[in-house]
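Asks: heads up, no residue letters with this:
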């Protein structure tokens, strides 16, 4: 399996993950793995080493910025591009995410074509 084609999505919004999964999976040819919480997301990223991580900010137990920090501080996952997909249109959170080396920051609702372009850019 080509890891570049695997996307790990860490998000607990079922309707949103279902929409993104069908778009990226059926329309774009990616294999999407969905994990609804940060602790399992971090361990899945270490196990899978996906081509890219899509990450929400607001989640139970560990928020997206905490997850991003964990991923970027572990040499096994540090090079995986992470795109933040969030409902927070907040400059402070955006700047924090980008300072933690997020590849991109997109605010929900997301234009699927823009998402496809940003994923392609992050993978190259």
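Replies: Cool, got the structure. Every value quoted in this text rests on a predicted model; they were computed, and no experiment measured them.
Asks: flag the shaky bits of this protein, pLDDT-wise.
Replies: Applying pLDDT under 70 to the chain flags the ranges 1-3.
Asks: all strands of this protein, in order?
Replies: In the chain, the strands defined using DSSP state E lie at 6-10, 31-35, 52-55, 82-86, 104-107.
Asks: pull out the buried residues from stretch 61-78.
Replies: Buried residues in stretch 61-78, counted by 16 or more other C-beta atoms under 10 Å: 62-72, 77. For glycine as for every other residue, the C-beta is placed from the backbone atoms N, C-alpha and C.
Asks: before we move on, what about stretch 29-46?
Replies: Within stretch 29-46, judged by 16+ other C-beta under 10 Å, the buried ones are 30-36, 38, 41-42, 44-45.
Asks: same list, the buried residues of stretch 61-78, but as a markdown table with distance to residue 86 please.
Replies: Formatted as a markdown table, the buried residues of stretch 61-78 follow (distance: C-beta to C-beta, whole Å):
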| residue | distance to residue 86 |
| --- | --- |
| 62 | 15 |
| 63 | 10 |
| 64 | 7 |
| 65 | 10 |
| 66 | 14 |
| 67 | 12 |
| 68 | 11 |
| 69 | 15 |
| 70 | 17 |
| 71 | 16 |
| 72 | 17 |
| 77 | 20 |
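Asks: now the residue positioned nearest the centre of the chain, nearest residue through space, not along the chain?
Replies: In the chain, the C-alpha closest to the average C-alpha coordinate belongs to residue 54, at a distance of 1.2 Å (C-alpha atoms, centre = their mean). With C-beta to C-beta, 6 or more residues apart in numbering as the criterion, residue 54 has its nearest non-adjacent residue at 4.4 Å, and that residue is residue 9.
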